[in-house]
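*Asks:* with the input below, show me the fold.
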Amino acid sequence: MNVLVLNASYEPLQRVDVRHAIKMLVRGVAVVEEAVEGRTIGHFPVPRVLRLVRYVAMRWRHGRRPPWSRRGVHLRDGGLCGYCGKPGHTIDHVQPQSRGGADSWLNTVLACGRCNNRKGDRTPAEAGLRLRIEPRVPRWEELFDL
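*Replies:* Residues are numbered from 1 along each chain as shown. You can find the predicted model right below:
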């Protein structure tokens, strides 16, 4: 189970494991905003969401886009196939890797097994598929599944 950590201004910062979250509570750098009902660790409730007591400047985010990740593509595309709109489970490269396509936000979409198999090692146009979404670089906030 992961715990969402919010800045003092309620902006999402990151996710940490429960052990790290409890350490933050013990040190007094965070407070519990939301907890698992009826569960405790010592005298602390098991947190779902923590908020930092002091504001942390996020200079590292300003001017930098999020790094590409499979999980990020799932969150950006809302769990839906970029070709048919059904639930998607695999990452598809719009420009196949064998033809120079890279793992990047602008070259990957979520795909269901049927569409991914149909497309194979071809471009969407060659496979007779049309993208329902335009691959894009997500905002940092989109990468936190709240």
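
*Asks:* quick one: average pLDDT of stretch 131-146?
*Replies:* The pLDDT scores in stretch 131-146 average 83.

*Asks:* what about the strands in this protein?
*Replies:* Counting by DSSP state E, the chain has strands at residues 2-6, 12-17, 30-41, 44-52, 90-93, 108-111.

*Asks:* could you dump the ones you listed to CSV with mean neighbour count and mean pLDDT?
*Replies:* All C-beta atoms are positioned from the backbone trio N, CA, C, and that covers glycine. Putting these into CSV (neighbours: other C-beta atoms under 10 Å; pLDDT from 0 to 100) gives the following:
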stretch, mean neighbour count, mean pLDDT
strand 2-6, 20, 92
strand 12-17, 15, 89
strand 30-41, 13, 94
strand 44-52, 19, 95
strand 90-93, 19, 96
strand 108-111, 26, 96
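
*Asks:* would you convert the ones you listed into a markdown table that also reports distance to residue 127?
*Replies:* Output for the strands of the chain, formatted as a markdown table (distance: least, C-beta to C-beta, whole Å):
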| stretch | distance to residue 127 |
| --- | --- |
| strand 2-6 | 37 |
| strand 12-17 | 36 |
| strand 30-41 | 44 |
| strand 44-52 | 42 |
| strand 90-93 | 10 |
| strand 108-111 | 11 |
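
*Asks:* which one of those strands lies nearest to residue 122?
*Replies:* When the strands of the chain are compared by C-beta to C-beta, strand 90-93 sits nearest residue 122, at 10.8 Å.

*Asks:* contacts for the closest one?
*Replies:* 70, 73, 82-83, 101-103, 107-113, 115-116, 119 (C-beta atoms under 8 Å, 6 or more residues apart in numbering).
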